[in-house]
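> Whatever this is, show me its structure:
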Amino acid sequence: MRNVNNEESKTKYFKVEEAFGEYSENIFAFAFSLTGDADEARDITAETFLKLLSEPRVTEPDFMVKAWLFKVAANLSKNFMMRFVRKILRLPNYLIDALNKSSSDVQRDVIKNEEFGRLEKAMRKLDGTDRQILYLKYFEQMSYKEIGEIIEVPEGTVASRLSRALRRLSDEFGPE
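Residues are numbered from 1 along each chain as shown. Have a look, this model is predicted:
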């Protein structure tokens, strides 16, 4: 019995290691697109893969690891944003202004490309779910079905939300 558990553990570890090699950069980019914080995105990426290690279904043949990873990363990113908002709401106004100033200075240094900066600004105006849908569709090339599984809505809802998000993005991103 001990050898069976040892073999299962090795198989599970191999699957997680394989998933990390294949998806860790994508999960990081996704978490960063939602949080805007590289350190937090790294933490979310690490926590996502730690959760995968404890997921009992990881070795099952029909387990959709990519969708599962993005779903967990989305939830962890939402949790971070909720904690962040709660912290910000407790800060005095002069500290909020200072944080906004230093944040925009860092963003200016990081975003060299003006068009990318405009696109990012327009994306930030969209709600979190719309940003997730756009990211998963255009950066991860996921199908409506895969996106629906991640955000837990039907394919038709994904299609209509994507269409609406693209319209909003187009309105926001239009000529300066």
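
> Read off the pLDDT value for Asn5.
Looking at Asn5, its pLDDT reads 67.

> ok, now Arg167?
Looking at Arg167, its pLDDT stands at 81.

> count of residues packed around it?
10 (other CB atoms under 10 Å). The way it works is simple: take the backbone N, C-alpha and C, and place the C-beta from them, glycine included.

> Repeat that for Glu7.
Glu7: 10 neighbours (other CB under 10 Å).

> gap between it and Thr157?
Applying CB to CB, to the nearest Å, the value for Glu7 to Thr157 is 42 Å.

> OK, contacts around the spatially closest residue to Lys78 that is not a sequence neighbour?
With CB to CB, 6 or more residues apart in numbering as the criterion, Lys78 has its nearest non-adjacent residue at 6.8 Å, and that residue is Gly128. By CB atoms under 8 Å, 6 or more residues apart in numbering, the contact list for Gly128 reads 34, 78, 81.

> mind checking the backbone torsions on Gly128?
Main-chain dihedrals, Gly128, degrees, to the nearest 10: phi -60, psi -40.

> before we move on, the earlier item: going by neighbour count, which of the contacts of Gly128 comes out on top?
Neighbour max across these (other CB under 10 Å) = Leu34, 22 neighbours.

> quick one, domains of the chain?
Domains of the chain are assigned by automatic domain parsing as 1-110, 113-176.

> thought Phe139 was touching Ala29?
Yes: using CB atoms under 8 Å, Phe139 is in contact with Ala29, at 6.9 Å.

> Give me the more crowded residue out of those two.
Neighbour comparison, Phe139 and Ala29: the larger count goes to Ala29, with 16 against 12 (by other CB under 10 Å).

> Pull up the gap between the more buried one and Ala159, please.
Ala29 is 23 Å from Ala159, by CB to CB.

> same deal with Asn75?
Taking CB to CB, one finds Asn75 at 23 Å from Ala159.

> can you tell me the helix or strand for Leu126?
Using DSSP states H and E, Leu126 falls within no helix or strand.

> Tell me who's in contact with it.
134, 165, 168-169, 172.
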